[in-house]
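Undergrad: here is my input; please provide its structure:
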Amino acid sequence: MEQPPAGKVLTKLSGTTVGPGWTKVSCPCCASEQVEPLVLVKLGEKVLPETKRWLIRLIGASQKDGGAALLAHPGEDASGDIIVVSAPRCTLLRTTEELGLCKTYSNGNMEAFSYDDREKFKDSVFLTLAERQYIVKYELDGLRAQRDLRIPGLSDGVTLHNRDNIWQKLESAGVIVDMFPLHNQDKLKDLSEAWYSGNQLAQPLDSINEYFGSSVAIYFSFLDFYTWSLLPPALLGLLITYFSGRFSGSQFTYAEHDSESAVSGHMIQALFSMLWSTIVMELWKRRSSSLSYRWGIHHLAEHFAEPRPGFHGDIGVNPVTGRVEPLFPEWQRDLLIALVSIPVVGLFLGLVVMGMLCFYWGEAKVQDLHKDWDSLLSQILLYMPSVLHIIYTNVLATVYKMVAQALTEYENHREESAFQNHLTAKVLVFTFFNYFAVLFHIAFFKQDVPLLRKRLASLLVMTQLVNQLTEVVIPFLVDRFFSAPHRTGSEDDPEEDKFRNQSTLPAYPGLFAEYIELLVQFGYLSLFSCVYPLMAVLLLINNLTEIRSDAYKICKLFRKPFSPPVANMGVWQIAFEVLSFVSVMSNCWLLLSPRLQELLQEGGMSSTNIVLLAVLVEHVLILVKVVLRVLIPDEPDWIRKKREHIEYTSMQALREQVNPKMFNCSPF
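TA: This next block holds a predicted model:
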């Protein structure tokens, strides 16, 4: 393997063919292609050149020899602390088939990519930047030792055993301290101008998918779809507010009893919200399936996942794969969940209840003060309990997220998917309880519609102010006055320095918090919009700025994240649908406000008949939601046919691969 002379700085890593400094390529067809730096691997400060040279050889070795079949460059010299990794075309194409990605075939249709049939696909260099970078990570994460050996240059004598995951072992030994995909500044600039820098309203979803990957693109697609779907409830809310005599600002005065026109508006808003939430989620499924087909991610292959880096246990033989790896009994994990995780989650739910009781105590105190003072100051103080409780719930949610992460780590899940599912379940249970417990208690136990309306107004205003401050103003100021000067370099700086500067950016925190935020506001709208018709208007305004602020954050304020190919929102889709179902019961029983009960009783209905009427309406609306779900298919008919065709051709190819003679023989 060729190495640059010691101390010599290579000022041009990109746009060159495979040559000095890069590991050699065994495939002749890849030897003359352009090298694109994709991933930066940062080594520990005390890693010796001997260890770095061994790691570079490992990365560049063929897969049959236990390597990753990638291209590696040592950066400035063999004693530096970075390795720049790229990938030859053959490795990219073979992994494309392994992942189950679909690409455009010669006939114009999307087909599951086949390496043996690669010439019949339209373009051999069709992978997006995000896919190429993820493939590098996928290959490095899959490195396994083929025999017992000691890592050269390590004084503590770290030994790799047969079938050990090499990358995880190197991370735990401190050899590798970081790995992240590199920004392409030209592509990032073009994307920024098309995304958030101009006055355009439409998002460049295909460009987002090309640069950041399908998981990020699907989030922004949903944010865009959900934001524009707020237009109908926003217009309805404005009309209801106007015709109920509250458009002039008296929406915020909270009269003791609503007028008959307001009650009628509440009923219309409740029925609309229940149907709207169902239709929106069903139409999103169709849009999601269209996007996943367009981006070639609707036929992803399922793999038996590697153990997580934090997974530990007694070394043994995995009965499924036959690999030697750590094993952890399922009953021990269930015991940890029952004896540790569930009680701790219960403790935090108790803290939510305690906060709710303090809120009611403060609410009663300020009400008494307002009766005594009846001044502008006391009018403002009426909002203080809600504001303080909102701050409390947000702080509690932040602390709980860290605790939930630690609990899920303690449960010792083998696979990353299981870890994420258990973490998401913990956070969703707490989020629903933390953000909606007070609202449900006010709505269904206290049956205090004015207090519920005031609480919702405080939530929406405070949430938007906090979000804009934390997601836009503070990050912009930090980037403008503190971070940017340290990252600014000259065009003549070596490529290594530009790559290394990207490591000064913080790691992207992921989309978890973004989905939680959307889920909470979807819950506010679908569950309680009938008592606060202007809610959709405020959410629409918030989300129009949210799109740009989220885009600015991921482009400017964080390192570029790895993005595994995903076909949909996964567990978040289920969470939104559960809230949509709960909205039927919530809105039906919200309509049984004291004022509405008075109106119904004036019409000659008893309280028993009113309850029976509510139950009947609830069941009818649930039936309507079920019918709507059946009538609106999850995917367009043309995509269903193409998906079934891809599954059929994949099955035929698998049969032919397993037994070509039997498959091709004729019975006659």
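Undergrad: alpha carbons only for contacts and neighbour counts from here, please
TA: OK.
Undergrad: tell me which residues in stretch 423-436 are buried?
TA: 423-424, 426-428, 430-431, 433-436 (16 or more other Cα atoms under 10 Å).
Undergrad: centroid-nearest residue for the chain?
TA: Leu511 (3.3 Å; Cα atoms, centre = their mean).
Undergrad: tell me who's in contact with that residue.
TA: Neighbour list for Leu511: 216, 219 [criterion: Cα atoms under 8 Å, 6 or more residues apart in numbering].
Undergrad: 10 Å - rerun?
TA: Leu511 makes contact with 215-216, 219, 517, according to Cα atoms under 10 Å, 6 or more residues apart in numbering.
Undergrad: ok, Asp186 next?
TA: Neighbouring residues of Asp186 by Cα under 10 Å, 6+ apart: Ser192.
Undergrad: what about it, helix or strand, and which?
TA: helix 185-192 (DSSP states H and E).
Undergrad: next secondary structure after that helix?
TA: Next along from helix 185-192, by DSSP H and E: helix 205-212.
Undergrad: buried set for stretch 505-516?
TA: So, applying 16+ other Cα under 10 Å, buried residues of stretch 505-516: 505, 515-516.
Undergrad: how distant is that stretch from the center of its chain?
TA: The chain centroid and the centroid of stretch 505-516 are separated by 7 Å under Cα atoms, centre = their mean, to the nearest Å.
Undergrad: can you check stretch 108-126 too?
TA: Taking mean C-alpha positions (Cα atoms, centre = their mean), stretch 108-126 and its chain are 29 Å apart.
Undergrad: pretty sure Ala145 sits against Gly67.
TA: Yes: between Ala145 and Gly67 there is a contact at 9.0 Å, judged by Cα atoms under 10 Å.
Undergrad: show me which of the two is the more surrounded one.
TA: Gly67 (22 against 18; other Cα atoms under 10 Å).
Undergrad: in contact with the more buried one, which residues?
TA: Neighbouring residues of Gly67 by Cα under 10 Å, 6+ apart: 55-61, 139-140, 142-146.
Undergrad: quick one: Ser182 from Tyr134, how far?
TA: For the record, residue 182 is Leu, not Ser. For Leu182, the distance to Tyr134 equals 11 Å [Cα to Cα, to the nearest Å].
Undergrad: swap in Arg89?
TA: Going from Arg89 to Tyr134 by Cα to Cα gives 14 Å.
Undergrad: returning to that earlier point: farthest-apart pair in the contacts of Gly67, please.
TA: Maximum pairwise distance in the contacts of Gly67, criterion Cα to Cα, is 17.0 Å, between Ile56 and Gln146.
Undergrad: any weak-confidence spans in the stretch 351-500 of the chain?
TA: Scanning the stretch 351-500 of the chain for pLDDT under 70 picks out 471-472, 475-476, 478-494.
Undergrad: so which residues of it form helices?
TA: Remark: helices assigned in the stretch 351-500 of the chain by DSSP state H, counting those that start in this stretch are 376-381, 384-410, 416-440, 449-468, 474-478, 484-487, 495-502.
Undergrad: and the second one with helix 449-468, angle?
TA: Using axes from the mean of the first three to the mean of the last three Cα atoms, to 10 degrees, the inter-axis angle of helix 384-410 relative to helix 449-468 is 60 degrees.
Undergrad: what number of residues lie near the closest residue to Ser273 other than its chain neighbours?
TA: Distance criterion Cα to Cα, 6 or more residues apart in numbering; nearest residue to Ser273, sequence neighbours excluded, is Ser526 at 5.4 Å. Applying other Cα under 10 Å, we find 28 residues neighbouring Ser526.
Undergrad: what's near enough to touch Ser526?
TA: Neighbour list for Ser526: 269-270, 272-278, 520, 536, 579-584, 586-587 [criterion: Cα under 10 Å, 6+ apart].
Undergrad: domain-wise, how is the protein divided?
TA: By the assignment in the TED database, the chain contains the domains 37-182, 192-247+260-312+530-655.
Undergrad: what would those domains look like in a markdown table with mean pLDDT and distance to Gly350?
TA: Converted to a markdown table, the domains of the chain look like this (pLDDT from 0 to 100; distance: least, Cα to Cα, whole Å):
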| stretch | mean pLDDT | distance to Gly350 |
| --- | --- | --- |
| domain 37-182 | 88 | 37 |
| domain 192-247+260-312+530-655 | 83 | 22 |
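Undergrad: closest to Ala404 out of those domains?
TA: Comparing these under Cα to Cα, the one sitting nearest is domain 192-247+260-312+530-655, at 15.4 Å.
Undergrad: next one: phi and psi at Tyr532?
TA: Per-residue torsions, Tyr532: phi -150, psi 80 (degrees, to the nearest 10).
Undergrad: now do the strands in this protein.
TA: Remark: strands assigned in the chain by DSSP state E are 16-17, 34-35, 39-43, 71-73, 82-86, 102-104, 110-112, 149-150, 159-160, 176-181, 314-317, 324-327.
Undergrad: still on that earlier bit, just the buried members of the contacts of Leu511?
TA: Taking 16+ other Cα under 10 Å as the criterion, what is buried in these is 215-216, 219.
Undergrad: you'd agree Phe436 is up against Phe522?
TA: No: Phe436 lies out of contact with Phe522 (Cα under 10 Å); the separation is 11.7 Å.
Undergrad: can you give me the end-to-end distance of stretch 552-567?
TA: Its first and final residues considered, stretch 552-567 spans 24 Å by Cα to Cα.
Undergrad: one more: stretch 296-316?
TA: Start-to-end, stretch 296-316 (Cα to Cα) is 38 Å.
Undergrad: could you do stretch 43-52 as well?
TA: Start-to-end, stretch 43-52 (Cα to Cα) is 8 Å.
Undergrad: follow-up on the earlier one: nearest to Val627, of the strands of the chain?
TA: strand 110-112 (32.0 Å).
Undergrad: still on that earlier bit, which one of the helices of the stretch 351-500 of the chain lies closest to Lys642?
TA: That would be helix 416-440 among the helices of the stretch 351-500 of the chain, by Cα to Cα, at 28.0 Å.
Undergrad: mind giving me the packing neighbours of the closest one?
TA: With contacts defined as 3 or more Cα pairs under 10 Å, 6 or more residues apart in numbering; DSSP states H and E, the packing partners of helix 416-440 are helix 342-373, helix 384-410, helix 449-468, helix 512-528, helix 571-590.
Undergrad: 8 Å - rerun?
TA: Counting contacts by 3 or more Cα pairs under 8 Å, 6 or more residues apart in numbering; DSSP states H and E, helix 416-440 packs against helix 342-373, helix 384-410, helix 512-528.
Undergrad: with distance to Lys285 added, can I get those in JSON lines?
TA: As requested, the helices and strands packed on helix 416-440 are exported to JSON lines (distance: least, Cα to Cα, whole Å):
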{"stretch": "helix 342-373", "distance to Lys285": "32"}
{"stretch": "helix 384-410", "distance to Lys285": "28"}
{"stretch": "helix 512-528", "distance to Lys285": "16"}
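Undergrad: tell me which of the ones you listed sits most buried.
TA: Of those, the one with the most neighbours on average (mean count of other Cα atoms under 10 Å) is helix 512-528, at a mean of 20.
Undergrad: quick one: the closest residue to Leu527 other than its chain neighbours from Ser264, how far?
TA: The shortest distance from Leu527 to any non-neighbouring residue, by Cα to Cα, 6+ apart, is to Ser583 (4.6 Å). Taking Cα to Cα as the measure, Ser583 falls 18 Å from Ser264.
Undergrad: which one of those two is surrounded by more residues?
TA: Legend: neighbour count by other Cα under 10 Å for Ser583 and Ser264, higher for Ser583 (26 against 16).
Undergrad: can you pull the contacts of the more buried one?
TA: By Cα under 8 Å, 6+ apart, the neighbours of Ser583 are 273-274, 523, 526-527.
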